[in-house]
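Trainee: just a sequence and a predicted model for now, questions to come.
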Amino acid sequence: MSDCGTRAVSVIGFIGSVFSPWYRWSGRRNPQNHVCINVATYGPGGRFTMTDRGESALRQTSSRFEVGPSMMRWENGQLVIDIDEVSGPPIISRIRGTITVTPSAVTSVELPLTPDGAHIWRPFAPCSRIDVNIDRPGWQWQGEGYFDANFGTRALEDDFSYWTWGRYPTSRGATCFYDATRLDGSELAAGFRFGHDGQAYPIPLPPKTRLRRSLWAVARETRADAGARARQTLNMLDAPFYSRSAVETVLDGETTVGVHEALDLRRFRSPLIKPMLAVRVPRRKRWHYD
């Protein structure tokens, strides 16, 4: 998020694009044949890109992840992301630029999201700075950055019905909450405070507080000090099963604005959702590198 709070950017690299209808229709047999670097910008002139690409577009080394025209790479202690993507309907246009994430430290935390470890959350750099340089007026800015990963050996909708996640910057670093309801009815509830030195501390969970439903009526909740209320300050991504937004809450008496996500996997499981997604997620099977 930008320091002024009016713009934000999200970049997700996928091997096995979990929200791609093409990957689901393929039977999810070959994750490397459904790869993507999803770029979304939020604020004035925001765009959404999510092209599902075939195996020929994927190149990897120990320090680089490349999908067609875009790549992520570690360089001098920074995560450098070069983007060259085309946004989907209703406004089709090209987005080019570089995004640099500079971690204050890299953590060693892993959190299994299911008892058998089939899904794992890995917050690599919860405390970071971000520098955005995209080829559009007003899209050169700095702000709060964050870098994590999720790994899984089963489809999300096979194990979960709903989850929320939030990352909130604080004067001591950053606080993250992960709350999920599994299909078997069991619950995951986790909270961590991360210092600028990369140290992680499990914290007592403050109470849940409800947020107003998203435009697609996705239920949303986060955590806040007892008696405090949370509110949305910037709508980012709004889909029938997914919401991403900037949310203001109060933690340990400190008012903070962070990024919040809610995912309704009961809705995502519906076969009606997949054709809708195909409009926003084009499939490009072939790619040739020069």
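Mentor: Received it, and whenever you're ready, just let me know what you need. Nothing here was measured: the structure is a model prediction, and the numbers come from that model.

Trainee: show me which residues of the biggest strand by length in the chain are buried.
Mentor: The longest strand of the chain (DSSP state E) is strand 119-134. If you call a residue buried by 16 or more other Cβ atoms under 10 Å, then strand 119-134 has these buried ones: 119, 121, 123-128, 130-132, 134. The way it works is simple: take the backbone N, C-alpha and C, and place the C-beta from them, glycine included.

Trainee: tabulate the residues you listed (a markdown table), appending distance to Ser104.
Mentor: Shown next, in a markdown table, are the buried residues of strand 119-134 (distance: Cβ to Cβ, whole Å):
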| residue | distance to Ser104 |
| --- | --- |
| His119 | 27 |
| Trp121 | 19 |
| Pro123 | 13 |
| Phe124 | 12 |
| Ala125 | 8 |
| Pro126 | 9 |
| Cys127 | 5 |
| Ser128 | 7 |
| Ile130 | 12 |
| Asp131 | 14 |
| Val132 | 18 |
| Ile134 | 24 |
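
Trainee: just the element for the closest residue to Glu187 other than its chain neighbours, please.
Mentor: Excluding the flanking residues, the one nearest Glu187 by Cβ to Cβ, 6 or more residues apart in numbering is Thr181, at 5.9 Å. Here Thr181 sits within strand 173-182, counting by DSSP states H and E.

Trainee: remind me what that strand packs against, helices and strands.
Mentor: Strand 173-182 makes packing contacts with strand 119-134, strand 160-170, strand 187-195, strand 220-223 when contacts are defined by 3 or more Cβ pairs under 8 Å, 6 or more residues apart in numbering; DSSP states H and E.

Trainee: turn those strands into CSV, including mean pLDDT and distance to Lys274.
Mentor: Shown next, in CSV, are the helices and strands packed on strand 173-182 (pLDDT from 0 to 100; distance: least, Cβ to Cβ, whole Å):
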stretch, mean pLDDT, distance to Lys274
strand 119-134, 97, 21
strand 160-170, 97, 18
strand 187-195, 97, 26
strand 220-223, 98, 23
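
Trainee: and those strands as CSV, adding distance to Ala105?
Mentor: As requested, those are exported to CSV (distance: least, Cβ to Cβ, whole Å):
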stretch, distance to Ala105
strand 119-134, 7
strand 160-170, 15
strand 187-195, 8
strand 220-223, 24
